[in-house]
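**Student:** predicted coordinates and the sequence they were generated for:
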Amino acid sequence: MVLKKKQSLVGLPKEVRDKINSTPNYYEKNNGLYNTHVVEVNPNYNSTDAETVTKGLHNAFIIMGRDRPRGIESGYGGVGGTQCGTIDIVAGLGGALAKQVDENDDIVFTDKSPELDSARIYLSQRTDIDDNFNLPEGFVGQAKAKSAVAVKADAVRIIGRDGIKLVTGTDVYDGQGVRIDIQQGIDLIAGNNDEDLQPLVKGDNLGEALQEIIDLVADMNGITTSLVQMYFQLVTAITVHTHLSTGPIPGTPVTPSPDFCITAVSQYAQLSKMLFDLVIHQKNTVSTKLDYTYETGGAYINSIFNNTN
């Protein structure tokens with residue numbers, strides 16, 4: 001594949017730009033296909049004498065030194081702290097703003113930046129990792145002067161051929177030798193915003209709670225059905241009820257009320273429909289319980305792969 005669009009020359013030294021512009025068909029001959037070398041901006045890292053830097057040809061760095069998330073004044077290394085050894089792996093130092101020279105063709109030295117660097121793995125013996133990467137407090141809180149590992153990129157994937165565990169509380173003492181007295185959990189925070197952070201639901205407990213609620217609904221269905229049946233019997237009894245007259249011919253039987261009989265016919269229809277609906281409701285209650293709260297259900301609420309405590 002031949003590049004259809006020339007790459008930007010911004011940030012490259014003048015001698016490199018002149019060579020590219022003066023070489024006929026430069027991009028056809030130097031297109032970087034098959035992972036061959038291509039000329040592109042490769043920033044000059046602003047290193048110190050405490051750092052050992054391995055630099056690739058295409059803006060990739062491994063920096064071994066002291067805690068330094070940003071410029072030379074940042075981190076515990078910036079204030080003269082000890083026991084803060086750090087390994088920083090950066091791909092894309094400066095990100096989209098990377099450059100080797102400025103508009104006057106003067107050399108530019110670039111500091112690390114949690115916001116600008118394209119992809120980064122930061123390992124430190126002692127650092128303020130949440131402050132470094134501007135992370136919210138959450139329930140776990142802000143880690144201060146702790147050993148830490150941060151992974152940041154546009155897209156981060158953690159892949160396990162067998163499985164993945166996120167585990168906390170494995171040791172009695174932290175990396176600084178301080179006793180760990182509080183058991184911390186795991187925060188899953190989207191949008192870097194912890195304002196509406198809520199506890200996770202435990203699936204087995206939720207399933208048991210839903211089963212109890214569904215059973216209570218079923219019990220209420222049974223109570224309602226009994227009441228409808230009793231009312232049905234009451235209407236029937238009143239419909240056929242007779243009593244002895246106290247009128248002109250005392251002691252003679254009185255026929256049931258025609259008006260009530262007409263009303264009873266209407267109520268029979270309504271009561272029959274209510275009983276039918278209650279039967280359907282009871283069946284739906286049972287099927288809902290089976291579908292959502294049992295492993296064999298088609299819409300079982302719990303994951304068969306993922307677990308939490």
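**Tutor:** That came through, no problem.

**Student:** ok, what's across the strand from residue 44?
**Tutor:** The partner list for residue 44 in beta bridges (DSSP bridges) reads residue 109.

**Student:** distance check, it against residue 160.
**Tutor:** The span separating residue 44 from residue 160 equals 38 Å under the rule C-beta to C-beta, to the nearest Å. C-betas here are computed from N, CA, C, even on glycine.

**Student:** try residue 34
**Tutor:** In this structure, residue 34 and residue 160 are 31 Å apart, going by C-beta to C-beta.

**Student:** can you check residue 248 too?
**Tutor:** Taking C-beta to C-beta as the measure, residue 248 falls 97 Å from residue 160.

**Student:** repeat for residue 249
**Tutor:** Taking C-beta to C-beta, one finds residue 249 at 96 Å from residue 160.

**Student:** same question for residue 227.
**Tutor:** Noted for residue 227: a distance of 57 Å to residue 160, by C-beta to C-beta.

**Student:** look at the two and report which has more neighbours.
**Tutor:** Summary of the neighbour comparison: residue 227 and residue 160, criterion other C-beta atoms under 10 Å, with residue 227 having more neighbours (11 against 7).

**Student:** that one: which element?
**Tutor:** Here residue 227 sits within helix 203-239, counting by DSSP states H and E.

**Student:** buried stuff in that helix?
**Tutor:** Taking 16 or more other C-beta atoms under 10 Å as the basis for neighbour counts, the residues of helix 203-239 that come out buried are 207, 214, 218, 221, 224-225, 228, 232, 235, 239.

**Student:** looking at the residues you listed, which is nearest residue 169?
**Tutor:** Among these, residue 207 lies closest to residue 169 (C-beta to C-beta), at 26.2 Å.

**Student:** the stretch 151-300 of the chain: helices as residue ranges?
**Tutor:** For the stretch 151-300 of the chain, the helices defined by DSSP state H, counting those that start in this stretch cover 203-239, 258-293.

**Student:** return the helix or strand in the protein with minimum mean pLDDT.
**Tutor:** strand 243-244 (a mean of 68; mean pLDDT, DSSP states H and E).

**Student:** so what's residue 95 up against?
**Tutor:** In this structure, residue 95 makes contact with 113, 116-118, judged by C-beta atoms under 8 Å, 6 or more residues apart in numbering.

**Student:** most neighbours, which of the residues you listed?
**Tutor:** Neighbours were tallied for each of the contacts of residue 95 (criterion: other C-beta under 10 Å), and the maximum of 24 neighbours falls on residue 117.

**Student:** low-confidence ranges in the stretch 201-309 of the chain?
**Tutor:** Where the stretch 201-309 of the chain drops to pLDDT under 70, the residues are 241-245, 251, 254-257, 259-260.

**Student:** please repeat the previous calculation with a cut-off of 90.
**Tutor:** Where the stretch 201-309 of the chain drops to pLDDT under 90, the residues are 225-275, 277-278, 301, 303-309.

**Student:** so what are the domain limits for the chain?
**Tutor:** Residue ranges for the domains of the chain, per automatic domain parsing: 1-40, 51-98+106-199, 203-293.

**Student:** how about the longest strand anywhere in the chain as CSV, C-alpha atoms only?
**Tutor:** The strand of greatest length in the chain, counted in residues with DSSP state E as the criterion, is given as strand 119-127. Taking Å, rounded to 0.1, in the frame of the first residue of the first chain, the C-alpha atoms of strand 119-127 are listed here in CSV:
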residue,chain,number,x,y,z
ALA,A,119,0.0,5.2,25.8
ARG,A,120,1.8,4.6,29.1
ILE,A,121,2.6,2.0,31.8
TYR,A,122,3.8,3.7,35.0
LEU,A,123,5.4,1.5,37.8
SER,A,124,6.7,3.3,40.9
GLN,A,125,8.0,2.2,44.2
ARG,A,126,6.4,5.3,45.8
THR,A,127,4.1,7.8,44.2
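
**Student:** which secondary structure elements does it contact?
**Tutor:** Using 3 or more C-beta pairs under 8 Å, 6 or more residues apart in numbering; DSSP states H and E as the contact test, the elements touching strand 119-127 are helix 75-78, strand 85-91, strand 146-152.

**Student:** chain center to the second one: distance?
**Tutor:** What that stands for is strand 85-91. Counting by C-alpha atoms, centre = their mean, to the nearest Å, strand 85-91 is centred 27 Å from the centre of its parent chain.
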